[in-house]
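>>> Provided below for reference: sequence and predicted model.
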Amino acid sequence: MTDLLKVRDARDVETAVQWALGAGKALEIVGGGSKRALGRPSQTDLTLDLSGLAGVTLYEPDELVLSAKAGTKLTEIETLVAASDQELAFEPMDFGSLLGTAPGTATIGGVLSVNASGPRRIKAGAARDHFLGFSAVSGRGETFKSGGRVVKNVTGYDLCKLMAGAFGTLGAMTDVTIKVLPRAETEQTLLVPGLGAARAAEAMMQAMASSCEVSGAAHLPASIVARLPGMPGGQAFTALRLEGVAPSVAHRKTLLESLMRSYGQPETLDTEASRTLWRAVRDVVPFAVDGPAGARHVWRLSTAPSQGAALGAALAAEADAELIYDWAGGLIWAALAPSDDAGAGLVRRAVANAGGQATLIRAPAAIRAAIDVFTPDGPGIAALSQRIKDGFDPKGVLNPGRMWAGI
Amino acid sequence: MSVIMPPADQGVLARRERIVAALRAFVPGEGVIATEREMKPFESDGLTAYRQMPMVVVLPETTEQVSRVLAYCHAEGIKVVPRGAGTSLSGGALPLVDGVLLGMAKFSRIREIDFANRVAVVEPGVTNLAVTRAVEHEGFYYAPDPSSQIACTIGGNIAENSGGVHCLKYGMTTNNVLGCEIVLITGEVLRIGGKHLDSGGYDLLGIITGSEGLLGVVTEITVRLLKKPETARAVLVGFPSSEDAGACVSQVIGAGIIPGGMEMMDRPAIHAVEEFVHAGYPLDVEALLIVELDGPQAEVDHLIARVSEIAGGCHASTIRVSTSEEERLLFWAGRKAAFPAVGRISPDYYCMDGTIPRARLPQVLHRMKELSAKYGLGVANVFHAGDGNLHPLILYDANKPGELQRAEDFGSDILRLCVEVGGVLTGEHGVGVEKRDLMPAMFSEIDLKQQQRLKCAFDDQGLLNPGKVFPALHRCAELGRVHISGGQLPFPDIPRF
Ligand SMILES: Cc1cc2nc3c(=O)[nH]c(=O)nc-3n(C[C@H](O)[C@H](O)[C@H](O)COP(=O)(O)OP(=O)(O)OC[C@H]3O[C@@H](n4cnc5c(N)ncnc54)[C@H](O)[C@@H]3O)c2cc1C
């Protein structure tokens, strides 16, 4: 039985969607497949494999812009721009270690569709903030575009924002344009030892409120530190990253050290060790599927930084929870001991109290089908989201139900 | 003016008195303005060539009032045009003869300042600069800084996704907001986002930002606050040609430097400004660059040296580095006064706002010179050089018959040129009524219809700010129809597995 269509070009995507529309079929939209286990399992008849839409079509380092076909591997793009000392500043994470897919399979289309970002989110923004333009096929079987190839553009609605984080439920993207930025010449990370989560939150907020331009602020409890490569073991560390030109980093390091003095005597990671640490934090390696937390259900919680420690404490008080704090306390990765509902009741209650949202990232498909993977919105926003979906994909051809029932 | 607005609803106009009375029940006292004399200040925004008296002006003070007014207008089929400070340069707040003008100026409170989370919660009528003023005692500021920041409101900034000279490094409005409260035309109040970074679900805040008042009325905004950089210094560089200036900009960015601001002016702009401000700009150059570096002292000194070196390699004829805060501000004083300075050398000017891939600048300036000769109108250019956002100021005299029309045609040609070289119609001022009819130069019918389907999800009767952004209005029912070629399509000829 045919269940996978491997498109060769954008025209194929249009043809496939038009056919599905006519035949009343639903399509699963897949790039590299690294995030297939993310979101609600949607009921589809066929898989539309976009990985054949590969290749960078434009890269102008001086203009800070890159266009690629949506199925281009993220690693290919990262290697290319690195050769010009540039990077994707939003530091997209690789879900491979969390979800057990091969590393390096992610495509740029998938990265944008889940609005991926990493520790630098606090300074540089998420995928949405670097997404300049696209061409896509809607569920109506029509090819439409939005945005452009220039950084500054307010012509018409900013549909890039809508596509970022839509999990392929509004259109199958065929071509995308993103902003690239110079990569920092050097970086260092200060490690403040031995803080509890609440005290660490204070330290991180103080660092963020300084002019040190911290580009990564994570709190790693002792059990987590033990699972990170190249880290001095035995205690918790609060990690603060500084990036930039060497004289600037040196200057800010002095400043930050004096700010952190009352919290403890910090250690320093130099460029290579710092890069290794933040890559592991970015990819949530301590919760890797083949590691000690591999059987746990993993949530990603976003809250105001000042609420992070209390939110973490609320989870830990009622469940067997391992926690990693990123984004100065505003992002919590929570790995909960397996349970029938992945701890949804507790997580939703705690997040409602703290303000923010939570997404279930890793759990068996049966659980992801039974409970809300994304934060359930109030009736007004839910209805609005449904109307938006209906405007782009009225017959539910594209990843139907991937986010919520019907969306 | 040449732009055609949606036909007036005669039924609504006939009911005007009843409508005014009904609105007074929702917004008491001076909140409803219905006399010709008092409505006069609202007849246009910053695009003064376009004027239209509204049917009535309403100035609500609470979300509940906004909700009741909108629900009423929705039920009665009455059009609504939101307005902030009325500084839009694209006619976004241009009233409609049969519409309610909903002025948001009374929403002027800062509701909360939260330094721990580095956010402020403000009402939409708060001016852009007022946010910075309210937090600067703690060393913070709100980054997007349109030149109109003394007057323009955060609500208007959201609607236009406004930028400023610092947005190359710090982003536009959309990169600096976290949440909002919005009232839909039905009167329904929605809260979106908050103090956290990622909201999950569809990025509604992302599409509301830059939606030009067509999707809903914003009644509260959560903005991000940044710590003021330790220091800032600027370099003033003169070049014998715009090619050299353009090459310098590319090399600065190519060297991995993202300046806090990087602004360019051409010869006519330099001369107009120098005469007005006496900033000490060199007059024997074709292009002038102001490059500002901000951050820690050590970094700024380091990068200033590198930028000066790059400029030297690009045939710069003058390079001046600011040695004091006064001097830095003087460099900027000229650039900031560019619009009024041009206003002094010409009875009227028309400000354009296209964006181009930076490398195409010399070509675009060259074509612009030819167009200037063709239309017989002068043009001065100021340019957010870092991100390719061009502001040609077309000089004309509205009192001379035909000149305004010529200026507009000249402007349209410039914007088409921007699109032709790979750029866009507007970088920060919005489409409004001004560029509405040029949208097909950039978008296909399918693109525009898809955008309007998004509008339908928010406002299915098209009552909010109609006549803006979209050149042709379609009914939502018509847009919603799906054309299915029947099940007859053969299975697609695509490799299967
Ligand atoms: C001298 C001058 C310099 C300028 N410089 C810049 C610049 O450097 N960068 C830049 O980006 N712009 C600039 N502008 C343009 C203008 O100031 C911005 O577009 C600004 O954001 C408009 O804000 P406002 O409060 O005046 O909005 P208005 O002009 O009143 O309205 C603008 C749009 O916003 C909508 N709107 C207003 N409030 C709300 C609300 N609460 N809810 C929903 N919709 C709303 C209106 O319907 C309209 O479509 C300049 C303008 C002038 C006159």
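All right, it came through fine.

>>> On the three-state scheme, the residue in the stretch 151-300 of chain A positioned nearest to chain B is what?
The nearest approach of the stretch 151-300 of chain A to chain B comes at A:Lys161, 2.5 Å away (C-beta to the nearest C-beta). No exception for glycine: its C-beta is placed from N, CA and C like everyone else's. Classification of A:Lys161 using DSSP: H, G, I helix; E, B strand; the rest coil returns helix.

>>> What's the separation between it and B:Arg233?
Noted for A:Lys161: a distance of 35 Å to B:Arg233, by C-beta to C-beta, to the nearest Å.

>>> Please apply the same query to A:Arg348.
50 Å.

>>> Looking only at neighbour counts, state which of these two leads.
With neighbours defined as other C-beta atoms under 10 Å in any protein chain shown, A:Arg348 and B:Arg233 compare such that B:Arg233 has more, 24 against 17.

>>> Shouldn't that one be within a helix?
No: assessed with three-state DSSP, B:Arg233 is strand; it does not lie in a helix.

>>> Tell me the residues of chain B that contact the ligand?
B:45-46, B:81-89, B:92-93, B:104, B:124, B:146-148, B:152-153, B:155-157, B:159-160, B:162-164, B:212-213, B:217-218, B:339, B:428-429, B:465 (C-beta under 6 Å from any ligand atom).

>>> are any of these buried, and which?
B:45-46, B:81-89, B:92-93, B:104, B:124, B:146-148, B:152-153, B:155-157, B:159-160, B:162-164, B:212-213, B:217-218, B:339, B:428-429, B:465 (16 or more other C-beta atoms under 10 Å in any protein chain shown).

>>> Restricted to strands, list the residues you listed.
B:Val81, B:Pro82, B:Arg83, B:Val217, B:Val218 (DSSP state E).

>>> which one of these is nearest B:Tyr281?
The shortest approach to B:Tyr281 among these belongs to B:Arg83, at 36.7 Å (C-beta to C-beta).

>>> Now do the contacts for that closest one.
B:Arg83 sits next to B:Phe42, B:Asp45, B:Ala93, B:Leu101, B:Leu102, B:Gly103, B:Met104, B:Ala105 when contact means C-beta atoms under 8 Å, 6 or more residues apart in numbering or on different chains.

>>> Reformat these as CSV; add distance to B:His74 and pLDDT.
Below are these laid out as CSV (distance: C-beta to C-beta, whole Å; pLDDT from 0 to 100):
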residue, distance to B:His74, pLDDT
B:Phe42, 22, 98
B:Asp45, 24, 96
B:Ala93, 20, 98
B:Leu101, 16, 98
B:Leu102, 13, 98
B:Gly103, 19, 98
B:Met104, 18, 98
B:Ala105, 23, 97
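
>>> Okay, and which of those residues map to helices?
The members of those all map outside helices under DSSP state H.

>>> just curious, which of those is nearest to A:Arg8?
Of those, the one sitting nearest to A:Arg8 (C-beta to C-beta) turns out to be B:Ala93, at 48.0 Å.

>>> how much space between that closest one and B:His429?
Distance from B:Ala93 to B:His429, by C-beta to C-beta: 12 Å.

>>> same question, B:Asn117
Taking C-beta to C-beta, one finds B:Asn117 at 31 Å from B:His429.
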